[in-house]
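Asks: coordinates for the following, if possible.
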Amino acid sequence: MIYTKTLSKTNPTDLLKRAMNIASCYGFDSIDKIIAHEKKWNSDMKEKNDAEALLNTKKAPLPNVRQKYVKQTVKTCNTDTAGDEIFCALKTVIDNELLPCDHPILIHQSSVANNSTKEKTFHFGLVAIGMKKSIAEALIIKTATTILEDIGIKDIQVHINSIGDKDSSLKFVNELNLYFRKNINSVPSQIRQSVKKDIFKAYDQLHKGYSSSGENIPQPIKFLSDNNRKHLSEVLEYMETVGIPYEIDNFLIGNNEYYSQTLFEIHNTQETEGISVVAKGGRCDELVKRMFNVDIPTVGIVFEFERKGIKEKELQMLKRAKKPKIYFIQLGREAKRKSLPIIDVLRKSNIHTHHSLDNDKLSEQLSLAQYLEVPYAIIMGHREALDGTVIVRDMDTQFQHTVLVDDLALYLKGMHI
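Replies: Predicted coordinates for the structure are as follows:
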């Protein structure tokens, strides 16, 4: 939890405004605005597809914009605030029929909740839906760490791990069951009870109470497939690119009901209250498969703040003030790797940005920029990434100019963006 007394003398409402502003600079928006925008987008795309089908009946029929999902009951887990918040965001998106979608849905959300001690807190979360690539975790973590630094928590470190996909995690669970069967006589009775109900909880209890280094305890990272290892390696590479301090935490496994593949926590290394975790989250692809019997990649993170002086109605009133004037387009692996530093340059100039970092096609990204009616696009391809430049394009006149990344903020300021 983030305690307000550990921060500067700032009103909690102001803290939330700052968090929302930074989130929107990285492309996140409130769920209400996303619902309104996506419904218009899907309606327009349906009309366009219908018109194209009428003009050219020889073409293969276009895929249906709307698919029916097989809904299944998924219980929320009150012991995992982050998982519950991510679940709620997903449910809202699904209930409003916003999926499938041609581009990622990036949500920032806030809510007031009661914790186990009946003490009210408020949560702020970031959720990226529709991004399967490793840039999703990097975007979430970068946005989260920037928010923490802006509100005064600068001594942070990301703890990160991966339990892999369904097959990898199953291998880990089987090995864990075998470990407990072999060592059941040396395991405390409390942990034995947990093994029967929740083997992940038992694993966490065992690690925290283990007297030695824990080398003999199975670790999920050892059971990852090649693709899972590559995914985690890419997330770490993105974090290194933007200078986020991290460590691989072999015993971070989260809640098996929610998470698959990547998990992460952000720790305050100078916390004096005894609770160092200030944000937690991960990838929840398997949860969505169980809910709707379809692949909808989802990554999220949640902050829990001590609530003092903030009213629930204020959370609903806080909206994104600025409309983005920039659409950032990236092409190629090297450009994608440098995407977050570019967006951060824009954020430092308080320039809010649209993007589709999971997309690798120029035509699709340009189409989105045109639809969103942003006045300018910033384009970085492979050559620009190597040269340290970007192309700034006027979306109305199509005039474009190549600008050094180091000069980008000043150039945009001269254009009054």
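
Asks: the domain parsing of this structure - what is it?
Replies: 4-165+245-317, 166-221, 326-414 (automatic domain parsing).

Asks: right, and these - which one's nearest residue 239?
Replies: Closest to residue 239 of the domains of the chain is domain 4-165+245-317 (C-beta to C-beta; 5.4 Å). Using the backbone N, CA and C atoms, a C-beta is placed for each residue, glycine as well.

Asks: now the closest one: mean pLDDT?
Replies: Across domain 4-165+245-317, pLDDT averages out at 77.

Asks: what's the answer for stretch 355-375, then?
Replies: If you average the pLDDT over stretch 355-375, you get 94.

Asks: got a list of what residue 108 touches?
Replies: Residues near residue 108 by C-beta atoms under 8 Å, 6 or more residues apart in numbering: 19, 20, 23, 24, 28, 29, 30, 124, 125, 126, 127.

Asks: now the phi/psi pair for residue 281, please.
Replies: phi -180, psi -160 (degrees, to the nearest 10).

Asks: mind listing the strands for the stretch 51-200 of the chain?
Replies: 105-114, 120-129, 156-162 (DSSP state E, counting those that start in this stretch).

Asks: next, format those as a markdown table and append distance to residue 267.
Replies: Below are the strands of the stretch 51-200 of the chain laid out as a markdown table (distance: least, C-beta to C-beta, whole Å):
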| stretch | distance to residue 267 |
| --- | --- |
| strand 105-114 | 22 |
| strand 120-129 | 17 |
| strand 156-162 | 5 |
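
Asks: residue 358: neighbouring residues, count only.
Replies: Residues lying near residue 358 (other C-beta atoms under 10 Å) number 18.

Asks: can you tell me the closest non-neighbouring residue to it?
Replies: Nearest residue to residue 358 in three dimensions, chain neighbours excluded: residue 131, at 4.2 Å (C-beta to C-beta, 6 or more residues apart in numbering).

Asks: ok, that neighbour to residue 359 distance?
Replies: Distance of residue 131 to residue 359, computed by C-beta to C-beta, to the nearest Å: 9 Å.

Asks: more neighbours: which of these two?
Replies: Between residue 131 and residue 359, residue 131 has the larger neighbour count (other C-beta under 10 Å), namely 23 against 20.

Asks: list the contacts for the more buried one?
Replies: The contact partners of residue 131, by C-beta under 8 Å, 6+ apart, come to 104, 139, 297, 299, 357, 358.

Asks: only alpha carbons, please: show the helix or strand residue 233 falls within as CSV.
Replies: Using DSSP states H and E, residue 233 sits in helix 226-241. The C-alpha trace of helix 226-241 is given here as CSV (Å, rounded to 0.1, in the frame of the first residue of the first chain):
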residue,chain,number,x,y,z
ASP,A,226,11.5,-21.5,-25.3
ASN,A,227,8.7,-19.0,-26.3
ASN,A,228,8.1,-18.1,-22.7
ARG,A,229,11.8,-17.5,-22.1
LYS,A,230,12.0,-15.3,-25.1
HIS,A,231,8.9,-13.3,-24.0
LEU,A,232,10.4,-12.7,-20.6
SER,A,233,13.8,-11.8,-22.0
GLU,A,234,12.1,-9.2,-24.3
VAL,A,235,10.3,-7.7,-21.4
LEU,A,236,13.6,-7.4,-19.5
GLU,A,237,15.3,-5.8,-22.6
TYR,A,238,12.6,-3.2,-22.8
MET,A,239,13.0,-2.4,-19.1
GLU,A,240,16.8,-2.0,-19.5
THR,A,241,16.2,0.3,-22.5
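
Asks: packing partners of it?
Replies: Judged by 3 or more C-beta pairs under 8 Å, 6 or more residues apart in numbering; DSSP states H and E, helix 226-241 is in contact with helix 135-150, strand 156-162, strand 246-248, strand 262-268, helix 333-337, helix 339-348.

Asks: got the buried residues for the second one?
Replies: Burial within strand 156-162, assessed by neighbour count using 16 or more other C-beta atoms under 10 Å, is assigned to 156, 157, 158, 159, 160, 161, 162.

Asks: could you dump the residues you listed into JSON lines and include distance to residue 14?
Replies: Shown next, in JSON lines, are the buried residues of strand 156-162 (distance: C-beta to C-beta, whole Å):
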{"residue": "156", "distance to residue 14": "20"}
{"residue": "157", "distance to residue 14": "26"}
{"residue": "158", "distance to residue 14": "25"}
{"residue": "159", "distance to residue 14": "29"}
{"residue": "160", "distance to residue 14": "30"}
{"residue": "161", "distance to residue 14": "34"}
{"residue": "162", "distance to residue 14": "36"}
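
Asks: ok so, going back, can you put the contacts of residue 108 in TSV and add distance to residue 84?
Replies: Listed next are the contacts of residue 108 as TSV, based on distance: C-beta to C-beta, whole Å:
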residue	distance to residue 84
19	19
20	20
23	19
24	24
28	19
29	21
30	19
124	14
125	10
126	15
127	12
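
Asks: for those residues, which one is nearest residue 416?
Replies: Proximity of the contacts of residue 108 to residue 416 was ranked by C-beta to C-beta; the top entry is residue 24 with 19.5 Å.

Asks: report all helices and strands that the helix or strand hosting that closest one contacts.
Replies: Here residue 24 sits within helix 12-25, counting by DSSP H and E. Helices and strands touching helix 12-25, by 3+ C-beta pairs under 8 Å, 6+ apart, are strand 105-114, strand 120-129, helix 135-150, strand 298-306, helix 312-317, helix 339-348.

Asks: what's the offset of the next helix or strand after the last one from the middle of its chain?
Replies: The reference is to helix 339-348. Remark: after helix 339-348, the chain's next helix or strand is strand 353-355, criterion DSSP H and E. Offset of strand 353-355 from its chain centre (C-alpha atoms, centre = their mean, to the nearest Å): 15 Å.

Asks: same question for stretch 185-194.
Replies: Put simply, stretch 185-194 sits 36 Å off its chain's centre (C-alpha atoms, centre = their mean).

Asks: tell me the mean pLDDT for it?
Replies: Per-residue scores along stretch 185-194 average to 83.

Asks: what residues does it touch?
Replies: Stretch 185-194 is contacted from outside by 180, 184, 195, 201, 202, 205, 206, 209, using C-beta under 8 Å, 6+ apart.
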